[in-house]
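Chemist: Got a predicted structure here, sequence first:
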Amino acid sequence: MAAKSLDLHTVCRGFEPLNGGTAFRFNPLQSFKFTDSISVQRIFPSHNKAVGRQIICSVSTPSDFARDNVISIVKRPWETADARLVLEDGSIWKAKSFGAKGTQVGEVVFNTSLTGYQEILTDPSYAGQFVLMTNPHIGNTGVNIDDEESNQCFLGGLVIRNLSTCVSNWRSAETLPEYLRKRNVMGIHDVDTRAITRRLREDGSLIGVISTESSKSDDELLNMARSWDIVGMDLISGVTCSEPYEWKDATSAEWDFNSHGKASDKLHVVAYDFGIKHNILRRIASYGCKITVVPSTWPSSEVLKLNPDGVLFSNGPGDPSAVPYAVENVKQVVGKIPVFGICMGHQLLGQALGGKTFKMKFGHHGGNHPVRNLRSGRVEISAQNHNYAVDPATLPEGVEVTHINLNDGTCAGLAFPEMKVMSLQYHPEASPGPHDSDPAFYEFVKLMRENKHIDK
Ligand SMILES: NC(=O)CC[C@H](N)C(=O)O
């Protein structure tokens, strides 16, 4: 039976044949070939040996088949429209949209995390980028109120293979399509994400345009992709806070596993917000620190007037060589008090110490990047999200490369003990990702305590 795509999304109950054949039986008279147009939602153990396991699946079928077999006919749980992703290399990828409508340009990067799409959507470091998830099934845990990494989605859009038709999670408050629509973020599905990932791995990150507007020709979208570039853009100014504020929330006891009993005298940390993720702030607060967050342009003289015990330079989007004002602020603080740089913060520190950054072929985005801590020899599986890296050959003497990425040998961490500097190219706060690198926050606390001679 040739399956045709329909407007109707049908949920069917069928039975897997006992002989392991490729046909699903939906009632004694009908069978359906296992093709791309059927997607299994749930499998129940067999109660009736004669018919095999019971399957609930969604099927795109000719309507007469649907009428005869469906247990419920529902509209797709999201509003859909045809969409296109046009890449600067001239390739055009047909898709369905499930978020905001319109036309958007951005750099396409692939993320290999299996879970955590909500934290990824709210990581401000993705501003200017489309995130393509290599995990083919997204949306199944919905969206909840706790996993936000910032107050907004700054990314250009989300590209996925298969959008889950049902949500199953005790924390879920809304569906992914609803969430994206409310935040005016584009999402497309039914895209061959594996093929695009292979292309990005071979050719490097590509600029693309996502559009739901049929009035725009392919050539128009291609021109748009080819005339835009993320290199050299200051994206931090679009995501930083506008005024300083205090951050108080620590990791809730339910989730905290590392900082118990280690909270100390109130150390005061000033955090430069280049696009800071909430979990960085929560992890520092969990060690009892008082935190003042300041905008990216806040003068270093004002920061030093607050007499902090340490300064954190946060993660943030875009090209680190395009924000000399931020490097200048970092320079003015370094050497005076302990500092910790994370991701963009690490890249700014690298430049402030005299080094240079470069753009990687396709960067590191995901929750499964092995990193070696060269001091301890320990390997950490880490959460990463960056397209640029510090070139260690450009750093002056005295700066130590403390971590390397084991996939490609790039610099993943720096220290300059003389200047009380530590930094990581990746995300010790995870969110999403493994917690192997969480002890880095305690390292920072220890650096501040040593500097105040608290431990002596
Ligand atoms: N997560 C981040 O801070 C990203 C850093 C920088 N924007 C990069 O892509 O390399």
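Modeler: Thanks, I have the structure now.
Chemist: Flag every residue of the stretch 51-200 of the chain that's near the ligand.
Modeler: Counting by C-beta under 6 Å from any ligand atom, the stretch 51-200 of the chain comes close to the ligand at residue 125. (C-beta placed from N, C-alpha, C; glycine too.)
Chemist: what residue ranges in the stretch 51-200 of the chain are flagged as low confidence?
Modeler: Low-confidence segments of the stretch 51-200 of the chain (pLDDT under 70): 51-78.
Chemist: what kind of secondary structure is the closest residue to the ligand within it in?
Modeler: Going by C-beta to the nearest ligand atom, the ligand is nearest to residue 125 of the stretch 51-200 of the chain, at 3.3 Å. Of the three states, residue 125 takes helix under DSSP: H, G, I helix; E, B strand; the rest coil.
Chemist: got a list of what it touches?
Modeler: By C-beta atoms under 8 Å, 6 or more residues apart in numbering, the contact set of residue 125 is 275, 277, 315, 316, 317, 343, 344, 385, 386.
Chemist: Also residue 276?
Modeler: Contacts of residue 276 by C-beta under 8 Å, 6+ apart are 124, 150, 293, 314, 315, 316.
Chemist: Filter the residues you listed down to the buried ones, PyMOL style.
Modeler: Applying 16 or more other C-beta atoms under 10 Å to the contacts of residue 276 leaves a buried subset, and the PyMOL line that selects it is:
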select buried, resi 124+150+293+314+315+316
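Chemist: Which ones among the contacts of residue 276 lie within strands?
Modeler: Here DSSP state E is the test, and those give residue 293 as lying in strands.
Chemist: Among the contacts of residue 276, pick out the one closest to residue 430, please.
Modeler: Nearest to residue 430 out of those is residue 315 (C-beta to C-beta; 12.3 Å).
Chemist: what helix or strand does the nearest residue in space to residue 406 that is not next to it in sequence sit in?
Modeler: In space, and not counting its chain neighbours, residue 406 is closest to residue 370: 4.1 Å by C-beta to C-beta, 6 or more residues apart in numbering. Assigned by DSSP states H and E, residue 370 belongs to strand 356-373.
Chemist: tell me the mean pLDDT for that strand?
Modeler: Averaging pLDDT along strand 356-373 gives 98.
Chemist: Repeat that for stretch 275-288.
Modeler: On average, the pLDDT along stretch 275-288 is 96.
Chemist: Is the ligand within reach of it?
Modeler: No - Stretch 275-288 does not reach the ligand (C-beta under 6 Å from any ligand atom); its nearest approach is 6.8 Å.
Chemist: Could you check that stretch and say which residues are buried?
Modeler: Buried-residue list, stretch 275-288, by 16+ other C-beta under 10 Å: 275-287.
Chemist: Would you work out how far apart the start and end of that stretch are?
Modeler: End-to-end distance for stretch 275-288, by C-alpha to C-alpha, to the nearest Å: 23 Å.
Chemist: just stretch 420-429 next, same as before
Modeler: For stretch 420-429, the end-to-end distance is 21 Å (C-alpha to C-alpha).
Chemist: Make residue 1 into 55 and carry on from there
Modeler: All set: I'll call the first residue 55, so the last point we hit is now stretch 474-483.
Chemist: average pLDDT across it?
Modeler: 98.
Chemist: likewise stretch 268-278?
Modeler: So the average pLDDT for stretch 268-278 ends up being 97.
Chemist: ok, and for it, which residues are buried?
Modeler: 275, 276, 278.
Chemist: Show me the residues you listed that map onto helices.
Modeler: 275, 276, 278 (DSSP state H).
Chemist: could you say what helices and strands the strand holding residue 424 packs with?
Modeler: For strand 410-427, the packing partners by 3 or more C-beta pairs under 8 Å, 6 or more residues apart in numbering; DSSP states H and E come out as strand 157-165, helix 247-257, helix 398-406, strand 433-445, strand 454-459, strand 465-470.
Chemist: Looking at the buried residues of stretch 329-342, which one is closest to residue 461?
Modeler: residue 331 (22.4 Å).
Chemist: Name all residues that make contact with that closest one.
Modeler: With C-beta under 8 Å, 6+ apart, residue 331 has these contacts: 173, 177, 178, 179, 203, 204, 368, 369, 481, 483, 485.
Chemist: switch to 6 Å and redo it
Modeler: Each residue near residue 331 by C-beta atoms under 6 Å, 6 or more residues apart in numbering is listed here: 177, 203.
Chemist: same question, residue 310
Modeler: Shown in contact with residue 310 (C-beta under 6 Å, 6+ apart): residue 340.
Chemist: That one and residue 339: what is the separation?
Modeler: 11 Å (C-beta to C-beta, to the nearest Å).
Chemist: Break the chain down into its domains, please.
Modeler: 62-129, 135-280, 290-505 (automatic domain parsing).
Chemist: Centre of the chain to stretch 264-276, how far?
Modeler: Mean C-alpha position of stretch 264-276 versus that of the full chain (C-alpha atoms, centre = their mean, to the nearest Å) differs by 26 Å.
Chemist: Over to that stretch now: how far is its first residue from its last?
Modeler: For stretch 264-276, the end-to-end distance is 10 Å (C-alpha to C-alpha).
Chemist: Show me what from the stretch 405-510 of the chain comes close to the ligand.
Modeler: Within the stretch 405-510 of the chain, the positions lying close to the ligand (C-beta under 6 Å from any ligand atom) are 439, 440, 441, 442.
Chemist: any chance of the helices and strands packed on strand 410-427 in TSV, with mean neighbour count too?
Modeler: TSV is the format used below for these (neighbours: other C-beta atoms under 10 Å):
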stretch	mean neighbour count
strand 157-165	22
helix 247-257	15
helix 398-406	28
strand 433-445	23
strand 454-459	20
strand 465-470	24
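Chemist: Pipe the ones you listed into a markdown table and attach distance to residue 304 per row.
Modeler: Putting those into a markdown table (distance: least, C-beta to C-beta, whole Å) gives the following:
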| stretch | distance to residue 304 |
| --- | --- |
| strand 157-165 | 27 |
| helix 247-257 | 37 |
| helix 398-406 | 21 |
| strand 433-445 | 20 |
| strand 454-459 | 26 |
| strand 465-470 | 25 |
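Chemist: Quick one: closest of these to residue 355.
Modeler: Among the helices and strands packed on strand 410-427, the nearest to residue 355 by C-beta to C-beta is helix 398-406 (15.8 Å).
Chemist: just checking, what packs against that closest one?
Modeler: helix 378-387, strand 433-445, strand 475-478 (3 or more C-beta pairs under 6 Å, 6 or more residues apart in numbering; DSSP states H and E).
Chemist: who wins for proximity to residue 162 among the ones you listed?
Modeler: Of all these, strand 433-445 comes closest under C-beta to C-beta, at 11.1 Å.
Chemist: so what's residue 364 up against?
Modeler: 323, 391, 392, 502.
Chemist: Try it again at 10 Å.
Modeler: 321-325, 338, 343, 387, 391-394, 474, 476, 498-499, 501-503, 505-506 (C-beta atoms under 10 Å, 6 or more residues apart in numbering).
Chemist: Report the beta-bridge partners for it.
Modeler: With DSSP bridges as the criterion, residue 364 is bridged to residue 323.
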